[in-house]
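Novice: I would like to see how this sequence folds:
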Amino acid sequence: MIVFRYLIREILATMAAVAGVLLLVIMGSRFIRYFTDAANGDIPARLLGTLMAYHLPSFIELVLPLALFLGVLLAYGQLYLNSEMTVLTACGVSNKKLLSVTLLPGALVAVIVALCSLWLTPAGLSQNEQLLKNQQQQADFSALSPGRFQEIGDRTVYTSSITDHGSVLNNVFIAETRKRPGMAPEQIVTHADHGFQVNDDTTDSRFLVLSTGERYAVTPGQPAGDRLTFDTYGVRQERSSLRAELDDVELQSTSALMADRTDKSMAALQWRISLVVMIPVLILIALPLSKVNPRHGRFAKLVPAIILHMSYLSLLLAAQNAIGAGQLPAWIGMWPIHLVYFLIGLWLFMRGRPGGRRRVQAA
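Specialist: Coordinates of the predicted model:
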């Protein structure tokens, strides 16, 4: 029917607008973090786009359920405000039929979220981790720009040129401040003709090895300082903390989680499935909450609806942590939470039916 296509189009259009705004906010926050890491020299700027692309499925799987939830609330709320829903009800469109129509875009969203949570997200995060790991192990200076003074961690670095495919620095200048307990900070300046990186797999450390140069150490306020000439001098570089953000289970494929019966694996698996299960539950909740009084406006029930969604998501996250820590049996898992919110949605749906409320008869 034309009217049902109209309803689906309204839901999808509103959902796309909401999803676009939410993705812009979340991706902007993540981009700022990566940009800060690039500015600190932890990752080269050329990797920013690739890292964001691999993170996109993890954003989509979280944003789409909320966007669909708000899309149903706002789209149907506008229809109630314009009395279009009243006309549809008068023409015989029941709440049950409305629910079945709303589940069609819900099924599309569920398929997209399932693809992301069960396959694309772990694959993308795994690729991100591999990129960052390879970058840490590479003996290049792709984060440096020749001819510029740059802040790399707590050091200021300058090089006139980079040769040998980005592996050798020429005319290197390094300035840093070394803090000593109970003493004034010491200013250290190092100059060398050349520099290159060396990875020590035994200690998992990375060194910048300088050749043919001088090192000066001066304490402000002191009349004397130290001068050291060297043929070879190694400077240990701090490891990036980027890989500490994710657990190993987040990088494993869904099939690997199913084969691994540990608590953390079961928690991660149930979380991925829950992102899909919550979509029809949210639709069941959103449908009755979208019914608003024209005098109250379309946003009258938006706040309680968002509170319901946030409590739903927060309880799922708490259950995931409890399962991973062994405090909640995996066979119980997150399913009681889905059941509770399904019953809430069912109660709201039945309460919103024409015969669902007690009618008050005039005396």
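Novice: wait, is residue 187 part of a helix?
Specialist: No - counting by DSSP: H, G, I helix; E, B strand; the rest coil, residue 187 is not part of a helix but strand.
Novice: contacting residues around it?
Specialist: Taking CB atoms under 8 Å, 6 or more residues apart in numbering, we find residue 187 in contact with 175, 176, 177, 217, 218, 219, 220. For the C-beta atoms, the positions are set from N, CA and C on the backbone; glycine is no exception.
Novice: Name only those of those that count as buried.
Specialist: 176, 219 (16 or more other CB atoms under 10 Å).
Novice: Throw the contacts of residue 187 into CSV and include secondary structure, thanks.
Specialist: Shown next, in CSV, are these (three-state DSSP):
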residue, secondary structure
175, strand
176, strand
177, strand
217, strand
218, strand
219, coil
220, coil
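Novice: Let me have the contacts of residue 187 in a markdown table, extended by distance to residue 145.
Specialist: Below are the contacts of residue 187 laid out as a markdown table (distance: CB to CB, whole Å):
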| residue | distance to residue 145 |
| --- | --- |
| 175 | 17 |
| 176 | 19 |
| 177 | 23 |
| 217 | 27 |
| 218 | 28 |
| 219 | 31 |
| 220 | 30 |
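Novice: For the contacts of residue 187, point out the one with the lowest pLDDT.
Specialist: On pLDDT alone, residue 220 ranks lowest of those, at 80.
Novice: wait, doesn't that one sit right on residue 184?
Specialist: Yes - contact status for residue 220 versus residue 184: in contact at 6.3 Å, counting by CB atoms under 8 Å.
Novice: now residue 330: how far from residue 117?
Specialist: 18 Å (CB to CB, to the nearest Å).
Novice: out of those two, which sits in the busier spot?
Specialist: Using other CB atoms under 10 Å, the more surrounded residue of residue 330 and residue 117 is residue 117, with 22 against 17.
Novice: The residue lying closest to residue 184 once chain neighbours are set aside: what's it in contact with?
Specialist: Spatial nearest neighbour of residue 184, chain neighbours left out: residue 219 (5.3 Å); criterion: CB to CB, 6 or more residues apart in numbering. For residue 219, the contact set (CB under 8 Å, 6+ apart) comprises 183, 184, 185, 186, 187, 225.
Novice: Name whatever forms a beta bridge with the fifth one.
Specialist: What it means is residue 187. Following DSSP bridges, residue 187 is listed with bridge partners residue 177, residue 218.
Novice: so where do the helices sit in this protein?
Specialist: Secondary structure of the chain (DSSP state H): helices at 2-39, 48-81, 84-90, 95-115, 121-137, 248-251, 254-259, 263-289, 302-324, 335-351.
Novice: Name the nearest of the contacts of residue 219 relative to residue 316.
Specialist: Proximity of those to residue 316 (CB to CB) peaks at residue 185, which lies at 48.2 Å.
Novice: can I get the CA coordinates of stretch 304-312 in PDB?
Specialist: Output in PDB follows, covering the C-alpha atoms of stretch 304-312 (Å, rounded to 0.1, in the frame of the first residue of the first chain):
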ATOM      1  CA  PRO A 304      11.300   9.200  29.100                       C
ATOM      2  CA  ALA A 305      12.000   7.200  25.900                       C
ATOM      3  CA  ILE A 306      15.700   8.100  25.900                       C
ATOM      4  CA  ILE A 307      15.900   7.200  29.600                       C
ATOM      5  CA  LEU A 308      14.400   3.800  28.800                       C
ATOM      6  CA  HIS A 309      16.900   3.200  26.000                       C
ATOM      7  CA  MET A 310      19.900   4.300  28.100                       C
ATOM      8  CA  SER A 311      18.800   2.100  31.000                       C
ATOM      9  CA  TYR A 312      18.400  -0.800  28.600                       C
END
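Novice: shouldn't residue 147 be in contact with residue 169?
Specialist: No - judged on CB under 8 Å, residue 147 makes no contact with residue 169 at a distance of 11.9 Å.
Novice: Please consider this matter closed, and thank you.
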